[in-house]
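Engineer: predicted model and sequence follow; I will ask about them next.
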Amino acid sequence: QVQLRESGGGLVQAGGSLRLSCAPSGRTVTRYAMGWFRQSPGKEREFLAAIGGTGETTFYADSVKGRFTISRDYAKNTVYLQINSLKPEDTAVYYCARWSGGDAYSSREYTNWGQGTQVTVSS
């Protein structure tokens, strides 16, 4: 069973940047399709970005295009989410998960959710 662990969150001022990491424990996820979501208190989990197993295919939510970049490092067996120009409304817990390859925008197509990493953006 693959367990995913997110890291890289923290407290950052508006306008700053963060790079979140998602790495597995127990097994390699080198060729897994992966995705990132976030959830704020009182809100539904929101799709952010997904990347195919080969890294050639990416999907982004319209709301984050141009500011968020998903990538993967096969040597490090890690998937990243680069977040630039952070805004207070980006404050949330960020999750990575394994994507089935179906509808990238639906959380139902994801499994092996990590515990999340908190991102807090101050104004």
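Structural biologist: It's in.
Engineer: nearest spatial neighbour of Gly52, skipping sequence neighbours?
Structural biologist: Counting by Cβ to Cβ, 6 or more residues apart in numbering, Ala33 is the residue found nearest to Gly52 once chain neighbours are left out, at 5.0 Å. For the C-beta atoms, the positions are set from N, CA and C on the backbone; glycine is no exception.
Engineer: show the contacting residues for that neighbour.
Structural biologist: Ala33 makes contact with 50-53, 98-101, according to Cβ atoms under 8 Å, 6 or more residues apart in numbering.
Engineer: next, count neighbours for Lys43.
Structural biologist: Lys43 is flanked by 9 other residues according to other Cβ atoms under 10 Å.
Engineer: Val64 now?
Structural biologist: Neighbours around Val64, by other Cβ under 10 Å: 19.
Engineer: hmm, it is touching Glu46, no?
Structural biologist: No. Applying Cβ atoms under 8 Å as the test, Val64 and Glu46 come out as separate, 9.2 Å apart.
Engineer: ok, back up a step: need the buried ones from the contacts of Ala33 selected in PyMOL.
Structural biologist: Here is the PyMOL selection string for the buried members of these, based on 16 or more other Cβ atoms under 10 Å:
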select buried, resi 50+51+52+98+99
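Engineer: show me the contacts for the nearest residue to Ser25 once chain neighbours are set aside.
Structural biologist: Nearest residue to Ser25, sequence neighbours excluded (Cβ to Cβ, 6+ apart): Gln3, at 4.8 Å. For Gln3, the contacting residues are 24-26, 112, 114, by Cβ under 8 Å, 6+ apart.
Engineer: what does Arg31 give?
Structural biologist: Arg31 is in contact with 53-54, counting by Cβ under 8 Å, 6+ apart.
Engineer: ditto for the one 5 residues further on
Structural biologist: Trp36 makes contact with 20, 22, 48-50, 68, 70, 79, 81, 94-96 under the criterion Cβ under 8 Å, 6+ apart.
Engineer: redo that, cut-off 7 Å
Structural biologist: 48-49, 70, 81, 94-96 (Cβ atoms under 7 Å, 6 or more residues apart in numbering).
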